[in-house]
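[1] Return a 3D structure for these sequence lines:
(chains A and B)
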Amino acid sequence: MMVERDKAMSDLKMPSGLVTSVREEGEALVVCVSGEIDLSNSPKLRGALLALVARHSPRRLVLNLGRVPYMDSSAVAVLVEMLRKVPKGGCVALTDLQPRVKGLLEIARLDSIFLIVGTEQDALAK
Amino acid sequence: MVHQDSSVRSTYWVELKIASHPANVAAARYAAEAFAGICGFGEMNRGEIGLCVNEALANVHRHAYGGATDRPVTMRLERTEDGMRIVIRDWGCGMDPQASMSRARDVRRPGGLGLICMRELMDEVVFEPQGDGMLLTMERRKPRGVSETRRVG
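    Numbering: from 1, shown residues only, chains lettered A, B, ... in the order given. Model (predicted):
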(Lines give C-alpha, C1' and ligand atoms only; values in the text may rest on other atoms or scores of the structure.)
Protein backbone atom coordinates (compact mmCIF):
# COMPACT_ATOMS: atom_id res chain seq x y z
CA MET A 1 0.00 0.00 0.00
CA MET A 2 2.80 2.36 0.97
CA VAL A 3 4.67 1.60 -2.24
CA GLU A 4 1.56 2.35 -4.32
CA ARG A 5 0.97 5.66 -2.52
CA ASP A 6 4.59 6.71 -2.90
CA LYS A 7 4.43 5.93 -6.60
CA ALA A 8 1.24 7.95 -6.96
CA MET A 9 2.85 10.91 -5.23
CA SER A 10 6.01 10.67 -7.29
CA ASP A 11 3.90 10.56 -10.43
CA LEU A 12 2.47 13.92 -9.44
CA LYS A 13 5.89 15.52 -9.37
CA MET A 14 6.56 16.96 -12.76
CA PRO A 15 9.76 18.89 -12.44
CA SER A 16 9.78 21.60 -15.01
CA GLY A 17 12.37 23.82 -13.39
CA LEU A 18 9.58 26.13 -12.30
CA VAL A 19 7.49 23.65 -10.35
CA THR A 20 9.67 22.39 -7.53
CA SER A 21 7.22 20.36 -5.50
CA VAL A 22 3.70 19.03 -5.65
CA ARG A 23 1.64 17.38 -2.96
CA GLU A 24 -1.94 16.52 -2.23
CA GLU A 25 -3.64 17.75 0.89
CA GLY A 26 -7.15 16.36 0.90
CA GLU A 27 -9.05 18.06 -1.90
CA ALA A 28 -6.25 20.56 -2.39
CA LEU A 29 -3.20 20.38 -4.57
CA VAL A 30 -0.26 22.35 -3.23
CA VAL A 31 2.26 23.41 -5.85
CA CYS A 32 5.49 25.24 -5.14
CA VAL A 33 6.80 27.44 -7.91
CA SER A 34 10.29 28.86 -8.09
CA GLY A 35 12.14 31.42 -10.17
CA GLU A 36 11.41 34.53 -12.16
CA ILE A 37 8.51 34.05 -14.52
CA ASP A 38 8.16 36.09 -17.68
CA LEU A 39 7.19 35.61 -21.29
CA SER A 40 10.19 33.39 -21.90
CA ASN A 41 9.03 30.70 -19.50
CA SER A 42 5.40 31.40 -18.58
CA PRO A 43 4.22 28.99 -21.33
CA LYS A 44 6.22 26.28 -19.59
CA LEU A 45 4.56 27.06 -16.27
CA ARG A 46 1.19 27.06 -17.99
CA GLY A 47 1.83 23.62 -19.42
CA ALA A 48 2.97 22.22 -16.10
CA LEU A 49 0.01 23.60 -14.16
CA LEU A 50 -2.52 22.54 -16.76
CA ALA A 51 -1.13 19.01 -16.68
CA LEU A 52 -1.28 18.89 -12.88
CA VAL A 53 -4.82 20.22 -12.75
CA ALA A 54 -6.00 17.85 -15.46
CA ARG A 55 -4.42 14.92 -13.69
CA HIS A 56 -5.63 15.63 -10.19
CA SER A 57 -8.72 17.85 -10.65
CA PRO A 58 -8.19 19.66 -7.35
CA ARG A 59 -11.02 21.61 -5.89
CA ARG A 60 -8.47 23.95 -4.39
CA LEU A 61 -5.23 24.81 -6.12
CA VAL A 62 -2.68 26.30 -3.74
CA LEU A 63 0.26 27.98 -5.42
CA ASN A 64 3.16 28.78 -3.13
CA LEU A 65 4.96 31.66 -4.83
CA GLY A 66 7.42 32.29 -2.01
CA ARG A 67 10.36 31.60 -4.29
CA VAL A 68 9.07 33.69 -7.16
CA PRO A 69 10.76 37.08 -6.84
CA TYR A 70 9.31 38.42 -10.07
CA MET A 71 6.56 37.77 -12.56
CA ASP A 72 5.12 39.69 -15.45
CA SER A 73 1.68 39.95 -17.02
CA SER A 74 2.12 36.74 -19.00
CA ALA A 75 2.57 34.88 -15.72
CA VAL A 76 -0.49 36.61 -14.30
CA ALA A 77 -2.43 35.38 -17.32
CA VAL A 78 -1.39 31.82 -16.45
CA LEU A 79 -2.66 32.24 -12.91
CA VAL A 80 -5.96 33.63 -14.14
CA GLU A 81 -6.35 30.70 -16.52
CA MET A 82 -6.06 28.36 -13.56
CA LEU A 83 -9.11 30.04 -12.05
CA ARG A 84 -11.12 28.68 -14.94
CA LYS A 85 -9.72 25.18 -14.50
CA VAL A 86 -10.78 24.48 -10.93
CA PRO A 87 -14.34 23.26 -10.52
CA LYS A 88 -17.13 25.68 -9.75
CA GLY A 89 -16.95 26.57 -6.10
CA GLY A 90 -13.25 25.82 -5.99
CA CYS A 91 -10.49 28.34 -5.68
CA VAL A 92 -6.95 29.22 -6.49
CA ALA A 93 -4.95 30.35 -3.49
CA LEU A 94 -1.68 32.23 -3.75
CA THR A 95 0.65 32.12 -0.79
CA ASP A 96 3.92 33.62 0.39
CA LEU A 97 3.81 36.44 -2.13
CA GLN A 98 6.92 38.53 -2.54
CA PRO A 99 6.43 42.32 -2.74
CA ARG A 100 6.85 42.69 -6.50
CA VAL A 101 4.41 39.90 -7.20
CA LYS A 102 1.88 41.28 -4.75
CA GLY A 103 2.24 44.71 -6.29
CA LEU A 104 1.58 43.41 -9.77
CA LEU A 105 -1.56 41.59 -8.66
CA GLU A 106 -2.78 44.80 -7.06
CA ILE A 107 -2.22 46.74 -10.28
CA ALA A 108 -4.14 44.03 -12.12
CA ARG A 109 -6.95 44.27 -9.55
CA LEU A 110 -6.62 40.53 -9.09
CA ASP A 111 -5.91 40.66 -5.39
CA SER A 112 -9.63 40.17 -4.80
CA ILE A 113 -10.08 37.38 -7.35
CA PHE A 114 -7.55 35.00 -5.88
CA LEU A 115 -7.43 33.82 -2.31
CA ILE A 116 -4.24 35.53 -1.18
CA VAL A 117 -2.91 34.41 2.17
CA GLY A 118 0.36 34.32 4.00
CA THR A 119 1.16 30.62 4.06
CA GLU A 120 0.14 27.26 2.68
CA GLN A 121 -1.34 26.43 6.05
CA ASP A 122 -3.54 29.51 5.87
CA ALA A 123 -4.72 28.49 2.40
CA LEU A 124 -5.58 24.98 3.51
CA ALA A 125 -7.35 26.17 6.62
CA LYS A 126 -9.72 28.57 4.83
CA MET B 1 28.43 50.93 -23.16
CA VAL B 2 27.88 54.18 -21.24
CA HIS B 3 28.18 57.49 -23.07
CA GLN B 4 28.31 60.99 -21.77
CA ASP B 5 26.67 62.88 -24.59
CA SER B 6 28.42 66.22 -24.84
CA SER B 7 25.77 67.57 -27.17
CA VAL B 8 23.17 67.46 -24.42
CA ARG B 9 23.58 69.10 -21.05
CA SER B 10 25.18 66.53 -18.77
CA THR B 11 23.12 63.42 -19.39
CA TYR B 12 24.13 59.80 -19.26
CA TRP B 13 22.59 57.27 -21.55
CA VAL B 14 22.89 53.59 -22.33
CA GLU B 15 21.59 52.02 -25.49
CA LEU B 16 20.87 48.34 -26.01
CA LYS B 17 19.99 46.60 -29.21
CA ILE B 18 18.30 43.25 -28.74
CA ALA B 19 16.50 40.68 -30.82
CA SER B 20 12.78 40.44 -30.17
CA HIS B 21 13.11 37.06 -28.44
CA PRO B 22 11.39 36.82 -25.04
CA ALA B 23 14.60 35.37 -23.60
CA ASN B 24 16.25 38.76 -24.04
CA VAL B 25 13.68 40.66 -22.04
CA ALA B 26 15.16 39.77 -18.67
CA ALA B 27 18.57 41.14 -19.62
CA ALA B 28 17.00 44.39 -20.77
CA ARG B 29 15.02 44.57 -17.55
CA TYR B 30 18.11 44.05 -15.43
CA ALA B 31 19.90 46.79 -17.36
CA ALA B 32 17.01 49.19 -16.84
CA GLU B 33 16.86 48.42 -13.13
CA ALA B 34 20.60 48.87 -12.74
CA PHE B 35 20.48 52.16 -14.64
CA ALA B 36 17.57 53.28 -12.48
CA GLY B 37 19.79 52.66 -9.48
CA ILE B 38 22.45 54.89 -10.98
CA CYS B 39 19.77 57.54 -11.46
CA GLY B 40 19.03 57.39 -7.76
CA PHE B 41 15.87 55.30 -7.63
CA GLY B 42 15.33 53.02 -4.66
CA GLU B 43 14.83 49.28 -4.89
CA MET B 44 11.06 49.34 -5.04
CA ASN B 45 10.94 51.96 -7.80
CA ARG B 46 13.67 50.16 -9.72
CA GLY B 47 11.49 47.09 -9.73
CA GLU B 48 8.55 49.10 -11.02
CA ILE B 49 10.67 50.54 -13.82
CA GLY B 50 11.96 47.08 -14.69
CA LEU B 51 8.44 45.74 -14.91
CA CYS B 52 7.46 48.50 -17.34
CA VAL B 53 10.43 47.72 -19.54
CA ASN B 54 9.48 44.04 -19.44
CA GLU B 55 5.91 44.76 -20.43
CA ALA B 56 6.90 47.14 -23.20
CA LEU B 57 9.32 44.66 -24.74
CA ALA B 58 6.85 41.80 -24.39
CA ASN B 59 4.32 43.89 -26.30
CA VAL B 60 6.86 44.53 -29.02
CA HIS B 61 7.44 40.79 -29.38
CA ARG B 62 3.76 39.92 -29.35
CA HIS B 63 2.09 42.75 -31.16
CA ALA B 64 4.64 44.74 -33.13
CA TYR B 65 6.40 41.69 -34.45
CA GLY B 66 3.59 39.12 -34.23
CA GLY B 67 5.69 36.73 -32.18
CA ALA B 68 8.84 36.92 -34.30
CA THR B 69 11.98 36.40 -32.26
CA ASP B 70 14.66 37.76 -34.57
CA ARG B 71 13.56 41.31 -35.20
CA PRO B 72 15.49 44.33 -33.88
CA VAL B 73 14.50 46.37 -30.88
CA THR B 74 16.51 49.22 -29.44
CA MET B 75 16.17 50.52 -25.93
CA ARG B 76 17.78 53.71 -24.80
CA LEU B 77 18.00 54.56 -21.12
CA GLU B 78 18.60 58.21 -20.35
CA ARG B 79 19.24 59.96 -17.10
CA THR B 80 17.17 63.13 -16.88
CA GLU B 81 17.36 66.02 -14.47
CA ASP B 82 14.67 64.54 -12.26
CA GLY B 83 14.67 60.87 -13.08
CA MET B 84 14.92 58.58 -16.04
CA ARG B 85 13.64 58.20 -19.58
CA ILE B 86 13.27 54.95 -21.51
CA VAL B 87 12.92 55.01 -25.27
CA ILE B 88 12.03 51.82 -27.11
CA ARG B 89 12.04 51.64 -30.88
CA ASP B 90 10.75 48.81 -32.99
CA TRP B 91 10.31 48.32 -36.71
CA GLY B 92 7.13 46.34 -36.51
CA CYS B 93 3.54 46.78 -37.60
CA GLY B 94 3.12 50.13 -35.89
CA MET B 95 -0.03 49.03 -34.08
CA ASP B 96 -0.93 51.44 -31.29
CA PRO B 97 -1.60 49.26 -28.22
CA GLN B 98 -3.77 51.97 -26.76
CA ALA B 99 -6.40 51.20 -29.38
CA SER B 100 -7.18 47.93 -27.61
CA MET B 101 -7.75 49.67 -24.31
CA SER B 102 -11.02 51.30 -25.24
CA ARG B 103 -13.09 48.36 -24.04
CA ALA B 104 -13.97 48.18 -20.38
CA ARG B 105 -11.48 45.93 -18.71
CA ASP B 106 -12.49 42.63 -17.21
CA VAL B 107 -9.95 41.67 -14.58
CA ARG B 108 -10.44 38.02 -15.44
CA ARG B 109 -9.19 38.75 -18.95
CA PRO B 110 -5.67 40.01 -18.32
CA GLY B 111 -5.02 41.28 -21.83
CA GLY B 112 -3.74 44.81 -21.75
CA LEU B 113 -2.24 44.48 -18.30
CA GLY B 114 1.17 45.49 -19.60
CA LEU B 115 -0.10 48.84 -20.76
CA ILE B 116 -1.96 49.32 -17.50
CA CYS B 117 1.28 48.72 -15.61
CA MET B 118 3.11 51.27 -17.73
CA ARG B 119 0.44 53.90 -17.20
CA GLU B 120 0.27 53.33 -13.47
CA LEU B 121 3.98 53.10 -12.80
CA MET B 122 5.46 55.65 -15.20
CA ASP B 123 4.84 59.39 -15.14
CA GLU B 124 4.66 59.64 -18.91
CA VAL B 125 3.96 57.05 -21.59
CA VAL B 126 3.95 58.23 -25.20
CA PHE B 127 3.52 56.10 -28.31
CA GLU B 128 4.62 57.76 -31.51
CA PRO B 129 3.97 55.80 -34.69
CA GLN B 130 6.88 55.95 -37.04
CA GLY B 131 6.66 55.29 -40.73
CA ASP B 132 8.23 51.91 -40.16
CA GLY B 133 7.33 50.99 -36.60
CA MET B 134 6.81 52.57 -33.21
CA LEU B 135 8.65 54.77 -30.78
CA LEU B 136 7.68 54.41 -27.14
CA THR B 137 8.93 56.91 -24.59
CA MET B 138 8.41 56.40 -20.88
CA GLU B 139 9.54 58.73 -18.13
CA ARG B 140 9.70 58.27 -14.41
CA ARG B 141 10.52 61.05 -12.02
CA LYS B 142 12.13 60.50 -8.71
CA PRO B 143 10.06 61.34 -5.67
CA ARG B 144 11.04 64.54 -3.93
CA GLY B 145 11.95 64.63 -0.31
CA VAL B 146 11.56 60.89 0.30
CA SER B 147 13.75 57.98 -0.76
CA GLU B 148 11.02 56.39 -2.87
CA THR B 149 7.30 56.20 -3.18
CA ARG B 150 5.19 53.14 -3.75
CA ARG B 151 2.86 53.34 -6.72
CA VAL B 152 0.83 50.36 -5.65
CA GLY B 153 -0.27 48.83 -2.38
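
[2] switch to C-alpha atoms for all contacts and neighbour counts from now on
    OK.

[3] isn't B:Tyr30 right next to B:Leu51, touching?
    No: with the criterion set as CA atoms under 8 Å, B:Tyr30 and B:Leu51 do not qualify as a contacting pair; they are 9.8 Å apart.

[4] which stretches of chain B form strands?
    Counting by DSSP state E, chain B has strands at residues B:2-5, B:11-19, B:72-80, B:83-90, B:124-130, B:133-141.

[5] go on, chain A?
    Counting by DSSP E, chain A has these strands, from start to end: A:19-25, A:28-34, A:60-67, A:91-95, A:115-117.

[6] got the angle between the fourth one and strand A:28-34?
    Counting by axes from the mean of the first three to the mean of the last three CA atoms, to 10 degrees, strand A:91-95 lies at 40 degrees to strand A:28-34.

[7] Other residues contacting strand A:91-95?
    When contacts are taken as CA atoms under 8 Å, 6 or more residues apart in numbering or on different chains, the neighbours of strand A:91-95 outside the stretch itself are A:59-66, A:82-83, A:86, A:114-120, A:123.

[8] mind checking how far that strand is from the chain centre?
    For strand A:91-95, the gap between its own C-alpha mean and the chain's C-alpha mean amounts to 7 Å (CA atoms, centre = their mean, to the nearest Å).

[9] go on, stretch A:24-42?
    Counting by CA atoms, centre = their mean, stretch A:24-42 comes out at 4 Å from the chain centroid.

[10] and B:Tyr30 and B:Leu51? which has more neighbours close in?
    More crowded of B:Tyr30 and B:Leu51, by other CA atoms under 10 Å in any protein chain shown: B:Leu51, with 27 against 17.

[11] hang on, that one packs against B:Arg29?
    Yes: if you go by CA under 8 Å, B:Leu51 and B:Arg29 touch, sitting 7.2 Å apart.

[12] Now tell me which helix or strand of the chain has the poorest mean pLDDT.
    You didn't say which chain, so I picked chain A. In chain A, the helix or strand scored least confidently by mean pLDDT, DSSP states H and E is helix A:2-12, which has a mean of 46.

[13] Of all residues in chain A, which one is nearest the centre?
    When chain A is reduced to its mean C-alpha position, the nearest residue by CA atoms, centre = their mean turns out to be A:Leu63, at 2.8 Å.
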